[in-house]
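Q: No letters, just coordinates:
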């Protein structure tokens, strides 16, 4: 039987006090990354096996600083990274300026992830300028990028205006905007650019914001007019029954294949109406609905949709289960974690190559 890896089990590891230096990192980089920097990867286990001690926060800072040095201090056009994930990495003002310069001058990068990076607004504006002027960027993840603690507030109106300009100028096809405190008023400026006929936005994530039925009405009006979006996540908002009804009436006029409306306070009537409009003729394939209200009529409607194969059971975040004691059907949640980040970027590249 294989035992789990534990760097502290060995006596040699406990006594080791080796310090991580730039020279060590440079040697590792030469050994492991001889090819162009398409994939930069350094696992914690690799580190602990080499230095024979546990990984600590100071080591993390040194690795990050070294990474930024080799990435941004080289000629940007000579680095062919297409996907750059900095999720959870603290970004200072210096790094923000380096990243802006890299985005402007590099012609390869297609996806940037700066979610959960504890940015302040000024640093975000610096990076946003790089995204705006990038010639190649197509997907952008900025989930919870500014909040440092629950007391922080964001100028959401200004953030929304910048996002709308990025959609229009940069022709983004995948955009992640979770947990940015965006409200229904902020959606107006974003929707203004989504509804343009030259929009190529395929996926939009607005989960865990402050959207209500008014924001959903504005958003779906834009989606119907542009008719390009195929993936939408608006989970963990507060759209209620009226928001559910707006989605139900608008959905047949869209190309949406993935829809996440979980935890939105939609009552049983709104859910029944929404499920009733799902027909084989509409593109919808993947649906997340748990966290809303359901009654026996709603559950039975969903059961019929599954039996008719209008909806595929594997593509739902709930299971329909029969309770023999109560002689009725009810819903149970199941864990569905689709790999969304980067998915629509890959789809766009496939479509582009097939043309």
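A: Good, I have the coordinates. What you see is a predicted model, and the numbers here were worked out from it, not measured in a lab.
Q: Now do the contacts for the most centrally placed residue in the chain.
A: Geometric centre of the chain, nearest residue: residue 176, 4.3 Å, by C-alpha atoms, centre = their mean. Under the criterion of C-beta atoms under 8 Å, 6 or more residues apart in numbering, the contact list for residue 176 reads 115, 140-143, 205, 341. Glycine gets a C-beta too; all of them are placed from N, C-alpha and C.
Q: Buried ones among those?
A: 115, 140-143, 205, 341 (16 or more other C-beta atoms under 10 Å).
Q: Strands - which of the residues you listed land there?
A: 140-141, 205 (DSSP state E).
Q: for the buried ones among the contacts of residue 176, which one is nearest residue 316?
A: Minimum separation from residue 316 among the buried ones among the contacts of residue 176 (C-beta to C-beta) is found for residue 205, which lies at 19.1 Å.
Q: wait, doesn't the closest one sit right on residue 233?
A: Yes. In this structure, residue 205 is within contact of residue 233 by C-beta atoms under 8 Å, at 4.3 Å.
Q: what about residue 103, distance to residue 127?
A: Distance, residue 103 to residue 127, using C-beta to C-beta, to the nearest Å: 8 Å.
Q: Same check on residue 235?
A: Taking C-beta to C-beta, one finds residue 235 at 26 Å from residue 127.
Q: Same check on residue 180?
A: Counting by C-beta to C-beta - residue 180 and residue 127 are separated by 14 Å.
Q: One more: residue 169?
A: 15 Å.
Q: ditto for residue 116
A: 14 Å.
Q: again, but for residue 251
A: From residue 251 to residue 127 the distance is 35 Å (C-beta to C-beta).
Q: Show me the shaky parts of the stretch 51-200 of the chain.
A: Within the stretch 51-200 of the chain, the segments meeting pLDDT under 70 span 57, 60, 64, 68-79, 146-153, 170, 197.
Q: what do you get if the cut-off is 80, keeping everything else the same?
A: 51-81, 88-90, 145-154, 168, 170-171, 196-199 (pLDDT under 80).
Q: Show me where this protein has its helices.
A: Secondary structure of the chain (DSSP state H): helices at 11-15, 22-32, 44-51, 57-72, 93-105, 121-133, 156-170, 184-194, 213-226, 240-250, 268-276, 296-307, 343-354.
Q: So residue 271 sits against residue 291, correct?
A: No. Using C-beta under 8 Å, residue 271 makes no contact with residue 291, being 10.7 Å away.
Q: Neighbour count: those two, which is higher?
A: residue 271 (25 against 16; other C-beta atoms under 10 Å).
Q: tell me the contacts of residue 245?
A: 270, 273-274.
Q: repeat for residue 280
A: 308-310.
Q: Can you report phi and psi for it?
A: phi -70, psi -20 (degrees, to the nearest 10).
Q: Quick check: the gap between it and residue 321.
A: 25 Å.
Q: before we move on, what about residue 298?
A: Counting by C-beta to C-beta, the gap from residue 298 to residue 321 is 14 Å.
Q: What are the structural domain limits within this protein?
A: Domain ranges of the chain: 1-73, 154-354, per automatic domain parsing.
Q: Which one, of the ones you listed, ends up nearest to residue 131?
A: domain 154-354 (5.7 Å).
Q: what would the helices of the chain look like in TSV with distance to residue 259?
A: Shown next, in TSV, are the helices of the chain (distance: least, C-beta to C-beta, whole Å):
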stretch	distance to residue 259
helix 11-15	49
helix 22-32	42
helix 44-51	37
helix 57-72	37
helix 93-105	31
helix 121-133	27
helix 156-170	20
helix 184-194	16
helix 213-226	11
helix 240-250	8
helix 268-276	9
helix 296-307	14
helix 343-354	14
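Q: which parts of stretch 206-213 are buried?
A: So, applying 16+ other C-beta under 10 Å, buried residues of stretch 206-213: 206-209, 211-213.
Q: For it, give me every contacting residue.
A: Taking C-beta under 8 Å, 6+ apart as the rule, stretch 206-213 contacts 177-184, 187, 219, 232-240, 242-243, 246, 260.
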